[in-house]
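Peer 1: how would this look folded up:
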Amino acid sequence: MINLIMDFINNTGFALMDYRNLVMMVIGLVFIYLGIVKHYEPLLLVPIGFGILVGNIPVFQGLGLGIYEDNSVLHYLYFGVTQGVYPPLIFLGIGAMTDFSTMLARPLLMWLGAAAQMGIFITFLGALALGFAPNEAASIGIIGGADGPTAIFLTAQLAKDLIGPIAVAAYSYMALVPVIQPPIMKLLTTREERLIKMEEPRVVSKREKIIFPIIGFLLCCLLAPAALPLLGMLFFGNLLKECTVTDRLALAARTSIIDTVTILLGLTVGASTQANRFLTWESIKIFILGALSFAIATASGLIFAKIMNLFLKQKINPLLGAAGVSAVPDSARVVQMVGQKEDPTNFLLMHAMAPNVSGVIGSAIGAGILWTFMTR
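Peer 2: Predicted coordinates for the structure are as follows:
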């Protein structure tokens with residue numbers, strides 16, 4: 001009997017606990033705190049944070065409990081991450097929630113979304129310089145797009161072993177948009193520039209809204225066919241929303257489908273951060289590169305907006321360039337917040353949504369281009 005009791009004690013999580021598990025649990029609790037108390041992307045950080053706790057409970061190997069054990073429930077749920085199933089479903093929901101009318105009203109602002117993708121390619125070169133393999137560097141670079149689903153999708157194709165740190169880094173920086181972006185925005189713009197008011201956009205017709213997802217899909221996916229799984233679902237979801245005859249499908253896409261997938265993706269990505277796989281020098285370098293990538297993407301959008309103003313009669317507020325990263329709609333909200341700190345009567349939110357949603361498209365195209373080059 002004593003031997004049985006001792007065997008039970010030795011196989012508890014308390015006995016199997018490693019200091020690295022405790023470190024990861026603290027990180028998980030920080031994520032939960034930021035989501036609940038600070039309201040930093042709670043729909044992402046709370047599932048990921050709790051998933052980190054789940055993944056770092058030490059378990060006896062062979063019982064089929066760990067996410068990396070082939071016969072475990074968590075492993076089957078994780079299949080949607082490793083095989084790139086969840087990201088396209090999230091893009092379907094994003095499409096069904098997105099209004100492209102601000103971008104259609106002033107297509108010029110799409111260039112800001114394109115400019116912000118510079119962070120992807122500069123970080124790709126930086127990762128190569130730090131010794132990462134080309135496919136790993138491509139996956140790390142996509143963090144600069146501030147698009148968690150795109151980062152997961154590309155990493156699932158090119159560097160499955162890095163899904164955990166890349167996904168956590170991407171979602172962490174998405175959640176910390178209100179913290180990271182304002183200092184960069186103030187550093188690279190003058191007060192006079194931040195006070196620029198935008199003219200009211202034209203009214204976009206219903207016909208334009210219906211035609212756009214079809215034309216946009218064809219143009220984007222013919223340019224970068226590898227982006228088909230993401231952009232196909234994005235534009236399909238938007239067509240369901242705009243055509244008005246499929247309201248039930250659009251409602252399902254932007255509520256039950258995306259909510260369910262977000263729960264599964266967040267929980268399993270968090271659970272994949274087992275301490276023995278996550279706490280490595282590679283993970284630390286990924287987080288550093290991810291932060292640089294995000295900062296470069298923000299700065300690229302701001303600087304390009306200032307360059308555009310050299311040639312435009314009707315100046316645009318350079319703050320809009322920061323919304324070129326595809327953290328929808330948080331980066332657009334940050335633009336509004338920073339603009340209104342200078343002038344409470346300056347409303348930039350709807351204008352910022354134009355580069356914001358074009359950034360979603362741009363990051364998916366960037367991922368498609370990188371995937372194409374890495375598989376040649």
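
Peer 1: Thr244 in helix, strand or coil?
Peer 2: Put simply, Thr244 is coil when judged by DSSP: H, G, I helix; E, B strand; the rest coil.

Peer 1: What is the burial count for it?
Peer 2: 11 (other C-beta atoms under 10 Å). (Each C-beta comes from the backbone N, C-alpha and C, glycine too.)

Peer 1: residues in contact with it?
Peer 2: Thr244 makes contact with no residue under the criterion C-beta atoms under 8 Å, 6 or more residues apart in numbering.

Peer 1: How about the one 5 residues further on?
Peer 2: Neighbour list for Leu249: Leu240 [criterion: C-beta under 8 Å, 6+ apart].

Peer 1: In three-state terms, how would it be classified?
Peer 2: Applying three-state DSSP: Leu249 is helix.

Peer 1: Show me the helices in the stretch 101-250 of the chain, by range?
Peer 2: Counting by DSSP state H, counting those that start in this stretch, the stretch 101-250 of the chain has these helices, from start to end: 101-105, 110-115, 118-129, 134-141, 148-158, 163-175, 177-188, 191-194, 206-223, 228-242, 247-252.

Peer 1: Turn those into JSON lines, columns for distance to Gly324.
Peer 2: Output for the helices of the stretch 101-250 of the chain, formatted as JSON lines (distance: least, C-beta to C-beta, whole Å):
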{"stretch": "helix 101-105", "distance to Gly324": "12"}
{"stretch": "helix 110-115", "distance to Gly324": "4"}
{"stretch": "helix 118-129", "distance to Gly324": "9"}
{"stretch": "helix 134-141", "distance to Gly324": "16"}
{"stretch": "helix 148-158", "distance to Gly324": "14"}
{"stretch": "helix 163-175", "distance to Gly324": "14"}
{"stretch": "helix 177-188", "distance to Gly324": "11"}
{"stretch": "helix 191-194", "distance to Gly324": "16"}
{"stretch": "helix 206-223", "distance to Gly324": "16"}
{"stretch": "helix 228-242", "distance to Gly324": "17"}
{"stretch": "helix 247-252", "distance to Gly324": "26"}
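
Peer 1: Deepest-packed of those helices, please.
Peer 2: Stretch with highest mean neighbour count among the helices of the stretch 101-250 of the chain: helix 148-158 (a mean of 27; mean count of other C-beta atoms under 10 Å).

Peer 1: Give me the buried positions along the helix ranked longest in the chain.
Peer 2: Identified as the longest helix of the chain according to DSSP state H is helix 281-309. Under the neighbour-count criterion of 16 or more other C-beta atoms under 10 Å, helix 281-309 has 282-283, 285-287, 289-306, 308-309 buried.

Peer 1: closest one to Gln274 among the helices of the stretch 101-250 of the chain?
Peer 2: Among the helices of the stretch 101-250 of the chain, the nearest to Gln274 by C-beta to C-beta is helix 163-175 (8.0 Å).

Peer 1: Looking at that closest one now, give me its mean pLDDT.
Peer 2: If you average the pLDDT over helix 163-175, you get 86.

Peer 1: counting contacts, what elements does it pack onto?
Peer 2: Packed against helix 163-175, as judged by 3 or more C-beta pairs under 8 Å, 6 or more residues apart in numbering; DSSP states H and E, are the following elements: helix 19-36, helix 42-55, helix 73-82, helix 148-158, helix 258-271, helix 275-278, helix 281-309.

Peer 1: Following the chain past the longest one, name the next helix or strand.
Peer 2: Beyond helix 281-309 on the C-terminal side, the first helix or strand identified by DSSP states H and E is helix 330-342.

Peer 1: And for that following helix, what's in contact with it?
Peer 2: 41, 146, 174, 177-178, 181-182, 185-186, 191, 194-195, 317, 319-320, 322-325, 346-349, 352-353, 356, 359.

Peer 1: Stretch 225-239 too?
Peer 2: Under C-beta under 8 Å, 6+ apart, the answer for stretch 225-239 is 84, 87-89, 91-98, 100, 149-150, 153, 210, 212-214, 216-217, 220-221, 224, 250, 253-254, 360-361, 364-365, 367-369, 371-372.

Peer 1: can you dump the C-alpha coordinates of it into PDB?
Peer 2: Only the C-alpha atoms of stretch 225-239 are listed here, as PDB (Å, rounded to 0.1, in the frame of the first residue of the first chain):
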ATOM      1  CA  PRO A 225      -1.900  31.900 -55.700                       C
ATOM      2  CA  ALA A 226      -0.400  30.600 -52.400                       C
ATOM      3  CA  ALA A 227      -2.500  33.100 -50.500                       C
ATOM      4  CA  LEU A 228      -5.700  31.400 -51.900                       C
ATOM      5  CA  PRO A 229      -6.700  29.600 -48.600                       C
ATOM      6  CA  LEU A 230      -6.600  32.800 -46.600                       C
ATOM      7  CA  LEU A 231      -7.800  35.400 -49.100                       C
ATOM      8  CA  GLY A 232     -10.300  33.100 -50.700                       C
ATOM      9  CA  MET A 233     -12.100  32.700 -47.300                       C
ATOM     10  CA  LEU A 234     -11.700  36.400 -46.500                       C
ATOM     11  CA  PHE A 235     -13.400  37.600 -49.700                       C
ATOM     12  CA  PHE A 236     -15.900  34.800 -49.600                       C
ATOM     13  CA  GLY A 237     -16.900  35.900 -46.100                       C
ATOM     14  CA  ASN A 238     -17.200  39.500 -47.200                       C
ATOM     15  CA  LEU A 239     -19.400  38.500 -50.200                       C
END
